[in-house]
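Undergrad: Pasted the sequence and its predicted model underneath.
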Amino acid sequence: MLLKDLNGKSICILGYGREGKAMVDAIREFAPEAEITIADQNDQLRVACPELSRRAGCELQVGENYLENLKRFDVVIKSPGIPPKVLATRNPQPATVTNSTQIFLEEAAARGATVIGVTGSKGKSTTSSLIYEILKAAQKKSFLVGNIGDPAISHLKDATLNTFFVQEMSSYQLMDCTVSPHVAVITSFFPEHLDYHASASRSSVSTPREAYKEAKSHISRFQNEEDFVIYDVASAGAEEIAALSPGKRIAAHAEDLPLQSMELKGEHNRRNGA
């Protein structure tokens, strides 16, 4: 789904955090005819952000009833901080549910930009920063986005041919995606955030650990044969996720990178650097 596809439709931004704010701005710029409603549990949002109705022309659905009647919207754009159980318990379900990560990946691909997605239980922030600095040193037009940068969707105007986005991707951001970045980097895997993912467990994904791994796997699962996945060979979980990609798989070996060549110290940073 591209932002232009939202023109003339009724859109619900579910959760008004940093990504929700960036999404409102992006829709206003690229789909000005869309009707936006912000649904958030924070009942003070109307007072705290009066500019929403004035500047952005948004309706507000806040407080304890913020999940009411979501089925009336054409599209619900869920913020990553909203647990899966929030929508899983709604009956009937909204017609279409997506997220800003999915929209950005589709927009970037359509515009010819390259997204390097980085995930892992540990090391993803360091690895993302290292990749970004390497691209800058090579004088490539690049942006660091995601958890440690600006929301990716806020850089949509910069998404052009020969532009690189290094995007740190959490399991929260990946779990609802049905597209993968052109280049996927997997630093490590071990169970984390199990409370969040517990509500995503279903018959095919029976435990919170499996739900967490399933979410992480979306960084490579939807790649094609022209894509790349780079993974830490020392992490069995990372290797299993990489194996889901039909693209070119590249194993990173920490021993191939001399520790003395790095200013960052420690074996964990050696693995991140590799």
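TA: Cool, the structure landed.

Undergrad: For the stretch 151-274 of the chain, which segments are assigned as helices?
TA: Taking DSSP state H, counting those that start in this stretch as the test, the helices found in the stretch 151-274 of the chain are 171-174, 194-198, 208-221, 236-242, 267-273.

Undergrad: ditto for the stretch 1-150 of the chain
TA: 18-30, 45-48, 51-54, 84-88, 100-111, 124-137.

Undergrad: which of the ones you listed is buried the deepest?
TA: Ranked by mean neighbour count, those are led by helix 100-111 with a mean of 22 (mean count of other CB atoms under 10 Å). No exception for glycine: its C-beta is placed from N, CA and C like everyone else's.

Undergrad: Who are the packing partners of that one?
TA: Secondary-structure packing of helix 100-111 (3 or more CB pairs under 8 Å, 6 or more residues apart in numbering; DSSP states H and E): helix 18-30, strand 114-119, strand 163-168.

Undergrad: which stretch in these has the least confidence?
TA: For the helices and strands packed on helix 100-111, mean pLDDT drops lowest on helix 18-30, to a mean of 95.

Undergrad: Outside of it itself, list whatever touches it.
TA: 3-4, 6, 11, 13-14, 16, 34, 36, 38, 40, 52, 56-58, 77, 79-80, 100, 103, 150-151, 153-154, 156-157 (CB atoms under 8 Å, 6 or more residues apart in numbering).

Undergrad: Compute the inter-axis angle for that helix and helix 100-111.
TA: 40 degrees (axes from the mean of the first three to the mean of the last three CA atoms, to 10 degrees).

Undergrad: Who are the contact partners of V233?
TA: Counting by CB under 8 Å, 6+ apart, V233 touches E239, A251, A252, H253.
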